[in-house]
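Enquirer: Here is the input, now give the coordinates:
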Amino acid sequence: MSEQTQTNETPFRYTAAMAGQIEVAWQDRWEEEGTFNAPNPAGPWAEPEKVAERGEKLVVLDMFPYPSGAGLHVGHPLGYIATDVYSRFHRMLGKNVLHALGYDAFGLPAEQYAVQTGQHPRKTTEENMTVMKRQLRRLGLGFDNRRSFATIDEDYYRWTQWIFLQIWDAWYDVEAERPDGGLGRARPIRELVEEFESGRRATPGDDGRSWSDLTATEQAAVLDGYRLAYTDEAPVNWCPGLGTVLSNEEVTNEGRSERGNFPVFRRNLRQWKMRITAYADRLADDLDRVDWPDNVKLMQRNWIGRSQGARITFPVVTTAGEQAGIDVFTTRPDTIFGATFMVVAPEHPLVEALVPEGDWPEGTHANWRGDDRAARTTPREAVAAYQLAASRKGDVERQTEGKDKTGVFTGSWATNPVTGEMIPVFIADYVLMGYGTGAIMAVPGQDARDWEFAEKFELPIVRTVQPDAAHPDDEPFLGDGPAINSSNDLVALDGLMVDEAKERVIAVLEEAGLGEGTITYRMRDWLFSRQRYWGEPFPIMYDEDGTAHPVPDDELPLMLPDVPDYSPKTFDPDDAQSNPEPPLSRVPEWVNVELDLGDGRGVRRFTRDTNTMPNWAGSCWYYLRYLDPANAEAMVDPENERYWMARQAAPVAGAPEGTVDPGGVDLYVGGVEHVVLHLLYARFWHKVLFDLGHVQSEEPFRKYFAQGYIQAYAYTDARGQYVPAAEVVEEPGKDGQPTFVWDGQLVNREYGKIGKSLKNSVSPDEMYDAFGADTFRVYEMAMGPLELSKPWETRAVVGSQRFLQRLWRNVVDEVTGEVRVGDVEPDQALTTQLHRTVAGVREDFEGLRFNTAIAKLIELNNAVTKLDVPPREVVEALVLMIAPVAPHIAEEMWARLGHTGGVSHVPFPVSDPSKIVEEQVTCVIQIKGKVRDRIEVAPDISEDELRELALARDKVLAATANGVRTVVVRAPKLVNVVPL
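Expert: Prediction:
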C-alpha cells in the first residue's frame, strides 16, 4: 500500500489530505488567538506587562518581498521557513519574538502591466499580494500579521516621504563630534543657516557678501550645495524608447534596456541624488561592528571602493584660449614621470572646451582620429561620433572590452605638472565619469589598460618602476620596485620603493600647489529619481524662482494622482537628445498648486516635482515600521525602537577592541543578490536617522545571514530558448544516458536558479496538495546547509513525508486513532540518545543548521519506532523539538497527547548531562600479538588509564609473572603486552 494512501483499514494515516485539514485548522486557530503577536512596551499596542513576562526580545527579519503576478515558487519560501523555524524555537525559549512580513509593492512590473492594460497598478499589485498572502499563510508562517503593510499604503509612504524630508533638510558636518568621539555627522540645515547668519561660517563665494546680503534664491542655492538630498546634473542611463532613466541594474552589458532591448544612452540630466558619499568612511568602517559573512562585507567595501592617493591638476589651454585644469585622482602618484598622455571620459564636462573648431591640429597622428577617419574629417565630428557610440554602451561593457581599446584625440594637449612636457588628451570609453574624476593620467609602463591604449595609438611608454629581471619587455610592470626615470629639479624619486616614492611626490605636489594627498571612493552619490508613475511622489514643490520647498507635514502623504496614461512619453529609440516627460507631468491640476506656507508671503503658486522615488525608498526603512506600524504620530515610538533595536552588552565576535555594539535587527536572512545596494542604502538612511536623533541604534541589521538558492533542472531548445520544464519528458538514450524531449524535439538539460525566467518553477501550491505544508517545510530545511544552493527534486519530497508519517504512527494508531504512547521508562541507551539529541538540536537551531537538526530527530524517531510502546518522555520531547520545523503536526500530536494551549510557547526541551551515559567501546587485549582478553571502556579513556586497566586483568597478570618487557597502547581499542 502506498504511503500516500488512506484506506478504511488505516483511517488515521497521516496523508496529504489529513495534513491539509490539520494545517488549515491550526492556521485558523493561530490567527484567531493572535498566537504570534509580539507585545510592545509603548505606543498603540503597549503591553508592558507581557513584555516583562516574556523577557529577552528578538527581532527576526526576512528580505522585503515583491508581490509578483506569478505568485511564489518553491525557491521563495526557503528563507521564510528558516526564519520561522528560528523564531518558533526562540519563542519556546521564552523570548519576545517579533517576526513580521510586509510587501515592497512599488515597482516597475506593475507599472508595465498598467501600461499594457490601462489597469491601475494598485489593482494588480493588491491582487498579487492577495495570492502571495494566501500561499504564505498556507505555509504556516508564524508572523505577527498585525504588523504587515505594503509600501503603497498611504500611512506607510507618508513616513517614507517624511524621512526623505529629514534627509533633504539635513547636511553633513565633517567637523561635528559624534557620541562615539568620531568626527562627522548629519545636522539639521537650520543649524547651518544659523552659522551663516552669525558669521561663524563664512558665506561661500568670492564677492565677500554676508549671508543677509544674499537673496532668498541665492541662499537656497547655497544650501542645496550642502543638503544630503539635492538635485544635480548627473550622467544617467537615458532610454528614449522607454521614455525613462534606468538604473545600472536595468541595463544589459550590451548597453540596451533589459525591458524591450532599446538603446540606452549616457546623458547628463537633472536628477535627485542622495549624498551617500558623505557616509562612505562610516559605511566602510562600521562593517567591523556587525555580524555579517566576510564575503558580504568584502562586497560592500569593494562597492564603496575607498582608495588612498593624490589628486593632481594637469594644466590645459581650452580652445577659447582660457587656462583650465584637468583633475585626476591616482593611487600611484609616484608614476607621474611616466604619464605620457591623458584620457577623459566621453561625458567629461571639459570635452566641449577641449575640441577645436576646424581641422585637426598640427602633429595629430592619423590613427588618433577615430576608426572611421575618412568620414570624420574634423575633431568635432570624430569626438561627437565617439561620444554617441560610447553612450550606447553600459559601464560593464566599457570595462570589459579586452585589448581592443578605442578612443579619439580631443585636439588639445595638457601639461604634465612635474615634467613640464605637453601630452595629448584623448577621450576613451574605458574611463568612466562615475569613478574618480572621470579623467586619468595614463602611465602605460605601469598599467595594463594604458599599455594597450599606448600600443594601439603609438604613444610613448616610459617605465617608472624597475621591473624584475624575468619580466617581459612587452608588458607593463605592476609590482613593487625601485623608481627609475623619475627625477628632475623639482623632485628626485629614483631608487625609492613605491610607498616611499608616493609619500615624497605627494609632499612635493602639495608644497608646489600642484596637487594634494586625498582619499577617493568608487561609490558615487545615489541617483534617486525615476521618470515613472508607480512610486512615491517627492514631497517637494518649486516656487516661481525654482526654489524648492517641502510639502508641509500636515499635508503628507502627498498621494499619487490618477493619470490618463501610465507610461512616460517615449521617443524614437535612437533620439539620444530627447528629454524625459514623466506621467505625473500630464496632470496639471496636481502639478500646479496654490498654498500659503505661513512665511508671511501669503498664498503663492508652486509646481510639484513630477519624478517619483525609486523602489529602494520603501525598502530602506521597512524594518523600523514593523516595530510600531499603528503609530500615526511617528514613524516609530522612541521607546519601541530602543527596546527592539537595543544594543547588546557585548560587541559581535571579532569586532575590534573597544567596539560598541551598534544595535539593530537580531537576525536578517535573505539572498546574496541584495547584499550590496539594498543593505548599503538602508544603512545610509539609518545612520542619517541616528545622527538626527530619530533612532538610537546605529546600524539596521546587526546580524545578516546569506541564504543559498534552490536550483532545478531547466531545459533549452536548439535556439537556446528555455522551454517549460514541467512539459519535458525523459526518455532512455541509445548509450544508456537519458535524453530529454519537449514538443517532439530534443532539448538540453542544465541546472539553474529556479524561477520564471528559466521556466522551471514549481509552485508551493503543488506541494501543499501532494504532501502538505509540514512535509514541504521539512524537505526544504533538510535539503542541505541553508547558506548553500541546493537542487530541487520533487520525487525526493516523499522522504520527508515518510519521516512525519513514522513520527505520527509513534503517537497515533493508524487504525483506531488512539494514542499509542505509554508512561514507560526508556532504557538507558534511549535516554542517552534523547538527551544528546536535545543538546544537538538546540545547538543546530541556534546556528541555523536545520538540516543536521532534522537528521538527529530522524535518528531519534527511528529508535522510538522499534519499540512496542513509545515512551511518553521521549515522544513528547520529539514533538516539541520538531514543532519549529513542522508546527501543524506538532500542534496536533501535542493536543492528542493531552495538552492544551498549543506548543508555540511551551518551553523547549533541556538536555540533562547527568542522564547521558557515555557509550562503551571494546578494547582488545593482546599478549605477544595474540588476543587473550577484551574489556569495555569509555571512548575517551587515556592511554595511561587503559594501560593500568589492561595490566590489572587476570589473564595479563598470569602471563606477566616474570615481568613486562613493553606495553603498546592504542586507546581506546588496543593494548598489546609483551612479557619478559
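Enquirer: could you list every residue that touches the closest residue to Gln119 other than its chain neighbours?
Expert: Once flanking residues are discounted, Gln119 sits nearest to Tyr113: 7.0 Å by CB to CB, 6 or more residues apart in numbering. Where C-beta positions appear, they are placed from N, C-alpha and C, glycine not excepted. By CB atoms under 8 Å, 6 or more residues apart in numbering, the residues touching Tyr113 are Gly69, Gln119, Pro121, Thr124.
Enquirer: got a winner among these for most neighbours?
Expert: Pro121 (26 neighbours; other CB atoms under 10 Å).
Enquirer: Pretty sure Val975 sits against Ile927.
Expert: No - between Val975 and Ile927 there is no contact under CB atoms under 8 Å: 9.6 Å.
Enquirer: Compare neighbour counts for these two and give me the winner.
Expert: Neighbour count, other CB under 10 Å: between Val975 and Ile927, Val975 has more, with 26 against 20.
Enquirer: Which residues belonging to the helix or strand containing the more buried one are considered buried?
Expert: Assigning secondary structure by DSSP states H and E places Val975 in strand 974-979. By neighbour count on 16 or more other CB atoms under 10 Å, the buried set for strand 974-979 is Val975, Asn976, Val977.
Enquirer: what are the pairing partners of it, and which direction each?
Expert: strand 921-927 (parallel), strand 964-970 (antiparallel) (DSSP bridges).
Enquirer: State the distance spanning the first to the last residue of stretch 581-594.
Expert: 23 Å (CA to CA, to the nearest Å).
Enquirer: can you list contacts of it?
Expert: 243-244, 531-533, 537, 541, 560-569, 603-608, 610-612.
Enquirer: Which of those are buried, as a PyMOL select command?
Expert: Buried members of the contacts of stretch 581-594, defined by 16+ other CB under 10 Å, are picked up in PyMOL with:
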select buried, resi 243+244+531+532+533+537+541+560+563+566+567+568+569+606+607+608+610+611+612
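Enquirer: now the nearest residue to Pro651 once chain neighbours are set aside: how far from His686?
Expert: Distances taken as CB to CB, 6+ apart put Thr659 closest to Pro651, at 4.3 Å, once the chain neighbours are dropped. Distance of Thr659 to His686, computed by CB to CB, to the nearest Å: 18 Å.
Enquirer: Looking at those two, which is more packed in?
Expert: Set Thr659 next to His686 and count neighbours by other CB under 10 Å: His686 wins out with 25 against 15.
Enquirer: and that one, which of the three is it?
Expert: Here His686 is recorded as helix under DSSP: H, G, I helix; E, B strand; the rest coil.
Enquirer: Report the contact partners of it.
Expert: Applying CB under 8 Å, 6+ apart, the residues near His686 are Trp621, Val695, Ser697, Glu698, Glu699, Pro700.
Enquirer: re the thing from before, make TSV out of the buried residues of strand 974-979 and add distance to Lys50.
Expert: Shown next, in TSV, are the buried residues of strand 974-979 (distance: CB to CB, whole Å):
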residue	distance to Lys50
Val975	62
Asn976	66
Val977	68
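Enquirer: now these in CSV, with pLDDT and distance to Pro444?
Expert: Listed next are these as CSV, based on pLDDT from 0 to 100; distance: CB to CB, whole Å:
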residue, pLDDT, distance to Pro444
Val975, 96, 73
Asn976, 95, 72
Val977, 95, 77
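Enquirer: So which of these is the closest to Gly546?
Expert: Val975 (93.7 Å; CB to CB).
Enquirer: So for the closest residue to the closest one other than its chain neighbours, what pLDDT did the model give?
Expert: Distances taken as CB to CB, 6+ apart place Ala950 nearest to Val975, at 4.1 Å, with adjacent residues excluded. Ala950 carries a pLDDT score of 94 in this model.
Enquirer: contacting residues around stretch 906-916?
Expert: Contacts of stretch 906-916 (CB under 8 Å, 6+ apart): 89, 92-94, 831-832, 834-836, 838-839, 842, 877, 880-881, 883, 894, 899.
Enquirer: Over to stretch 42-50?
Expert: Pro39, Asn40, Pro41, Asn96, Arg146, Asp628, Ala630, Asn631, Asp637, Glu639, Asn640, Tyr643.
Enquirer: sorry, back to before: for the contacts of Tyr113, point out the one with the lowest pLDDT.
Expert: Gly69 (78).
Enquirer: name the element that one belongs to?
Expert: Counting by DSSP H and E, Gly69 is found in no helix or strand.
Enquirer: Surely it is in contact with Gly107?
Expert: No - using CB under 8 Å, Gly69 makes no contact with Gly107, being 11.3 Å away.
Enquirer: where do the contact lists of these two overlap?
Expert: With CB under 8 Å, 6+ apart, Gly69 and Gly107 have no common neighbours.
Enquirer: Any idea which helix or strand in this structure has the lowest mean pLDDT?
Expert: helix 395-399 (a mean of 68; mean pLDDT, DSSP states H and E).
Enquirer: Please name the nearest non-neighbouring residue to Asn96.
Expert: Arg54 is the one closest to Asn96 (CB to CB, 6+ apart), at 3.7 Å.
Enquirer: mind showing which ranges of the stretch 251-400 of the chain have poor pLDDT?
Expert: Along the stretch 251-400 of the chain, the model assigns pLDDT under 70 to residues 372-376, 394-397, 399-400.
Enquirer: Please determine how far the spatially most central residue of the chain is located from Trp292.
Expert: Geometric centre of the chain, nearest residue: Val675, 1.5 Å, by CA atoms, centre = their mean. Distance of Val675 to Trp292, given as CB to CB: 8 Å.
Enquirer: So for these two, which residues contact both of them?
Expert: With CB under 8 Å, 6+ apart, Val675 and Trp292 have common neighbours Tyr704.
Enquirer: buried residues in stretch 470-477?
Expert: Pro476, Phe477.
Enquirer: end to end, how far does it reach?
Expert: 11 Å.
Enquirer: same question, stretch 464-471
Expert: End-to-end for stretch 464-471, by CA to CA: 14 Å.
Enquirer: Please state the offset of that stretch from the chain centre?
Expert: Between the centre of stretch 464-471 and the centre of its chain there are 42 Å (CA atoms, centre = their mean, to the nearest Å).
Enquirer: In contact with Val824, which residues are there?
Expert: Val869, Pro871, Arg872.
Enquirer: Low-confidence ranges, the chain, go.
Expert: 1-7, 249, 372-376, 394-397, 399-403, 434.
Enquirer: what's the burial count for Glu657?
Expert: 5.
Enquirer: State the helix or strand in which it lies.
Expert: Judged by DSSP H and E, Glu657 forms part of no helix or strand.
Enquirer: Of all the strands paired with strand 974-979, which one is nearest Val498?
Expert: So among the strands paired with strand 974-979, strand 964-970 is nearest, using CB to CB, at 56.4 Å.
Enquirer: Give me the contacts around that closest one.
Expert: By CB under 8 Å, 6+ apart, strand 964-970 touches Glu943, Leu946, Arg947, Ala950, Leu951, Leu974, Val975, Asn976, Val977, Val978, Pro979, Leu980.
Enquirer: just to revisit the earlier point, now the residue nearest to the centre of the chain, nearest residue through space, not along the chain?
Expert: Here the residue nearest Val675, using CB to CB, 6+ apart, is Val296, at 4.7 Å.
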